[in-house]
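1. model the following, please.
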Amino acid sequence: MQIKPSELILNPDGSIYHLNLKPEHLANTIITVGDPDRVKQVTQYFDSIEFSTQKREFHTQTGYYNNQRISVISTGIGTDNIDIVFNELDALVNIDLEKRIPKKQLTSLTIIRVGTSGTIQKNIPTNAFLAAESAVGFDSLLHYYQSDAIQNKALNQALSNQLKHLSKKATPYTVDADSALLAKFSKHPAMHTGITATNVGFYAPQGRVLRAPLQDANFMDNLVSFQHNNRRITNLEMETSGIYGMAKLLGHKALSLNAIVANRVTGEFAMNPTKTINQLIQFTLENL
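-> Sure, this is the predicted structure:
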């Protein structure tokens, strides 16, 4: 059955609506970043760039690094944007855009998030790297999809048991990283691993107080103290749960790599976060 124009929206030139991309513009290996300006921070290491476009916060450059074709795409902030980006990336490779029907032979993309994050564990220093073994989503995105089959049910239950006070918030969901990508990228001596928590905002949803008081002053303490099978929630950010959830739903492989620029327990912030993210970018490119 054809997908209606109101559901799969294309620009007049035939490119996908938000990303402004055509299938030939996209590599099968993709690095996502939040900040549109960070795209060039990645592609400065490329041998060549064959295509570049930007629409709204979605900046894409496709080129070559060591003879490997890679696309770098900025998602902006939040899992609402991840929903847009991942559906449109999948449509580019797995839907015939002219006929508006899914392809019979599907393509699986490899997607690496390279971003910044703050840790909530005292033993993880600023300027460290962290690969997310699993993601906890407090953002509700996956609850709009038939996603039970891809969730980590044991981790879901452990979270529900400890975080019973979440009745006014979204029920958390958990999704694991692609195991092969995790094994490949966790070899770096500076790489920590752990459970990444994704929330819907930067201030109250991550326990920050400026002037507006928190609804639950114990939320962060509960995240810090959570344990399941000797695993802890190690860091907070705003995209990973959506990345893991959408990738698994659509048959793609994903991993979130984080440059730790803040320690929320000690109150420290990295002196030179740009240097740390550049080191993570170089490590990522060398290991793709």
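2. who does the helix or strand of the chain with the lowest mean pLDDT touch, helix- and strand-wise?
-> Every helix and strand in the chain was compared by mean pLDDT, DSSP states H and E; the lowest is helix 153-162, with a mean of 88. In terms of contacts (3 or more Cβ pairs under 8 Å, 6 or more residues apart in numbering; DSSP states H and E), helix 153-162 is packed against strand 129-137, strand 173-176, strand 227-228. All C-beta spots, glycine's among them, are computed from the backbone N, C-alpha and C.
3. residue 268: which of those strands is closest?
-> With Cβ to Cβ as the measure, strand 129-137 is the member of the helices and strands packed on helix 153-162 nearest residue 268 (15.3 Å).
4. how big is the angle separating that closest one from helix 153-162?
-> Orientation of strand 129-137 against helix 153-162 (axes from the mean of the first three to the mean of the last three Cα atoms, to 10 degrees) gives an angle of 70 degrees.
5. and strand 129-137, what's its mean pLDDT?
-> Strand 129-137 carries an average pLDDT of 97.
6. what's the helix or strand residue 193 falls within in contact with?
-> Assessed by DSSP states H and E, residue 193 sits inside strand 191-198. For strand 191-198, contacts defined as Cβ atoms under 8 Å, 6 or more residues apart in numbering pick out 79, 117, 120-121, 124, 128-139, 155, 174, 182, 185-186, 223, 231-242, 256, 258, 260.
7. could you give the angle of it to helix 153-162?
-> Counting by the same axes, to 10 degrees, strand 191-198 lies at 60 degrees to helix 153-162.
8. parallel or antiparallel, which strands does strand 191-198 pair with?
-> Strand pairing for strand 191-198, using DSSP bridges, gives strand 129-137 (parallel), strand 231-237 (parallel).
9. in CSV, list the C-alpha atoms belonging to the first one.
-> Coordinates of the C-alpha atoms in strand 129-137 are reproduced here as CSV (Å, rounded to 0.1, in the frame of the first residue of the first chain):
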residue,chain,number,x,y,z
PHE,A,129,34.8,8.7,27.4
LEU,A,130,31.7,6.6,28.1
ALA,A,131,29.9,4.1,25.9
ALA,A,132,26.2,3.5,26.8
GLU,A,133,25.6,-0.2,27.3
SER,A,134,21.9,0.6,27.8
ALA,A,135,19.7,3.7,27.7
VAL,A,136,16.9,4.6,30.1
GLY,A,137,14.3,6.8,28.5
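10. tell me the gap between that strand and the middle of its chain.
-> 9 Å (Cα atoms, centre = their mean, to the nearest Å).
11. cool, and stretch 104-112?
-> With Cα atoms, centre = their mean, you get 16 Å for stretch 104-112.
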